[in-house]
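Colleague: return atomic coordinates for the entry below.
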Amino acid sequence: MILFIKLLLAHLLGDFIWQPNSWVANKEAKKHKSIYLYLHILLHGTLAAILAGEIQFIPYAVLIAVTHGIIDLVKLNFQKNKTKRIWFIADQVLHIIVLAGITILYQNKSINLNWFDNQFWILITGILLITKPTSICIKIIISIWSPESSNNHSDHSLASAGNYIGILERLFVFCFILTGHFEAIGFLLAAKSIFRFGDLKEAKDRKLTEYVLIGTLLSFGIAILTGFIVQALLLQLL
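Modeller: Residues are numbered from 1 along each chain as shown. As a prediction, this is how the structure comes out:
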């Protein structure tokens, strides 16, 4: 389980945190001719090898890199604008299946470089999951419902403010779950609703209200679910 958590952390770092939007755009435009595709593949293999922390795992890290590249190439060649959401989900599911399969294949369970204890890897992966990866997933999921009016007020908002607000609220919820302060989650949700009420009332747009509500519930829901999963895994290690 800990090896899988480490590989999942490497995947989150390589696919979301350390993959700039410029890389994504270049890969979509040039596909197999993009130099960033191969840098992306190399990054995944390197991260998997480093986080696994054992020399014997290097061949498996190479396998992760190769399969990641194949899956990405298939997605890049077959996805269309209308099917990007479906291909994104399929892409991530396949990557996770590969990581699970390699974890099972890797019989040597001893990790020589135990830099941190098992609780650390579970906790850091949970925290990382609810930051940029979740923001990207929510954006893709609700993009089909994006109301036109939401773009009209973009000039009155700070650049990427909504993204950072979402990350912060999920981190707060995650901490509240782990510390057992469930009432604070209700307070946070109420506070956000109050601050949002003025903007939504001024916009007088039902679609915008529903769009914001879906995004908020998804954000809180993912944070709560991640918090409970991490809490359960930590309790198993005690």
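
Colleague: let me know the helix or strand that the spatially most central residue of the chain is in.
Modeller: Geometric centre of the chain, nearest residue: residue 133, 2.0 Å, by Cα atoms, centre = their mean. Secondary structure assignment for residue 133, by DSSP states H and E: helix 132-142.

Colleague: contacts only, for the residue nearest to residue 32 when sequence neighbours are not counted.
Modeller: Distances taken as Cβ to Cβ, 6 or more residues apart in numbering put residue 73 closest to residue 32, at 6.0 Å, once the chain neighbours are dropped. Just so you know, the C-beta spots here come from the backbone N, C-alpha and C atoms, and that holds for glycine as well. With contact taken as Cβ atoms under 8 Å, 6 or more residues apart in numbering, residue 73 is in contact with 31, 32, 37.

Colleague: distance of the residue nearest to the centre of the chain from residue 144?
Modeller: According to Cβ to Cβ, to the nearest Å, residue 133 stands 20 Å off from residue 144.

Colleague: ranges for the strands of this protein?
Modeller: Using DSSP state E, no strands are found in the chain.

Colleague: quick one: least confident helix or strand in it?
Modeller: helix 149-152 (a mean of 48; mean pLDDT, DSSP states H and E).

Colleague: I'd like to know how far residue 141 sits from residue 214.
Modeller: Following Cβ to Cβ, the distance that separates residue 141 from residue 214 is 8 Å.

Colleague: sorry, that was for residue 191
Modeller: Taking Cβ to Cβ, one finds residue 191 at 19 Å from residue 214.

Colleague: okay, the two: which has more neighbours?
Modeller: Shown here are residue 191 and residue 214; by other Cβ atoms under 10 Å, residue 214 has more neighbours (14 against 11).

Colleague: got the CA coordinates for the helix holding residue 133 in CSV?
Modeller: Output of helix 132-142 as CSV, limited to C-alpha atoms (Å, rounded to 0.1, in the frame of the first residue of the first chain):
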residue,chain,number,x,y,z
LYS,A,132,-4.0,21.5,-8.2
PRO,A,133,-5.0,17.9,-9.3
THR,A,134,-8.5,18.4,-7.8
SER,A,135,-8.8,21.9,-9.2
ILE,A,136,-8.0,20.6,-12.7
CYS,A,137,-10.5,17.7,-12.3
ILE,A,138,-13.3,20.0,-11.1
LYS,A,139,-12.6,22.4,-13.9
ILE,A,140,-12.9,19.7,-16.5
ILE,A,141,-16.0,18.2,-14.9
ILE,A,142,-18.0,21.4,-14.8
